[in-house]
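Chemist: Any chance you can model this:
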Amino acid sequence: MAAIEKGRTRKWTLRLWSQFIRARDLHRCVCCDSSDRIQAHHVIRKTLYPLGAFETGNGVTLCHECHCRVHAEFNGRPDLSLPLGAEQGDDQDEWAFLFGLLRDDAVRRGLDEDEFYHLGNHILEFSMRYQGYEELYEMAMRGEMSRIRFAHEIWRPMPQAWYTNLVSELVRLNLLSSGDGESES
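Modeler: Numbering: from 1, shown residues only. The predicted structure is shown next:
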């Protein structure tokens, strides 16, 4: 971003970022289409991942009501010593939803996803560290998938049945390893 290269303050650069996000999203909430009291919102909060503060793909325009809903659970500085989402403020379901809204909006409007919703390699690597999915990362690096689609796909939750099956399998393995069908304490 030119403002960073020119040594502008963080506050000034965030103001420019916010203006860009709102203009890109046509000064309306990407979630409900309202143009009342719109605000630029960081999908992955800048206190959790400061390097993502100026990424255009990490911003979405929300109306005041939708923005309040996003922050209803938690709106403070995250305790970085806790696991991601432990304080209910950094929710991968919410991130997937917002990245999905951005991608759907880009497709609907015919915007170039990587140009208008750019996410740098560092934010893709941050996502991959938490979620894995190296194949998706490689596809994004080769340009076979847009970066905003990568962000949506990587933060989408696994189906509940997958977790249920995993827990059932772990319980079964624990019972088998104990030898007599009873788990050890």
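Chemist: OK, contacts around Y133?
Modeler: Contacts here follow CB atoms under 8 Å, 6 or more residues apart in numbering; on that basis Y133 touches 153-154. In this view, the C-beta of every residue, glycine as well, is placed from N, C-alpha and C.
Chemist: same deal with L136?
Modeler: For L136, the residues meeting the contact criterion (CB under 8 Å, 6+ apart) are 128, 145, 150, 153-154.
Chemist: 7 Å instead?
Modeler: Contacts were defined as CB atoms under 7 Å, 6 or more residues apart in numbering; by that measure L136 touches 145, 150, 153-154.
Chemist: how much space between P50 and T9?
Modeler: Remark: distance between P50 and T9 (CB to CB, to the nearest Å) = 15 Å.
Chemist: no, scratch that, I was asking about W95
Modeler: Taken as CB to CB, the span from W95 to T9 is 28 Å.
Chemist: Settle it for me: which of the two has more neighbours?
Modeler: Neighbour tally, W95 and T9, criterion other CB atoms under 10 Å: the higher count belongs to W95, 22 against 9.
Chemist: The more buried one is in contact with H42, isn't it?
Modeler: No: W95 is beyond contact range of H42, at 10.4 Å (criterion: CB atoms under 7 Å).
Chemist: for this protein, what spans make up the helices?
Modeler: Taking DSSP state H to define them, one finds helices in the chain at 2-5, 10-24, 64-70, 92-109, 113-116, 121-131, 134-141, 147-155, 160-178.
Chemist: between those helices, which one is nearest to F54?
Modeler: Proximity of the helices of the chain to F54 was assessed by CB to CB; the nearest stretch is helix 10-24, lying at 5.3 Å.
Chemist: how far off helix 92-109 does that closest one point, in degrees?
Modeler: 50 degrees (axes from the mean of the first three to the mean of the last three CA atoms, to 10 degrees).
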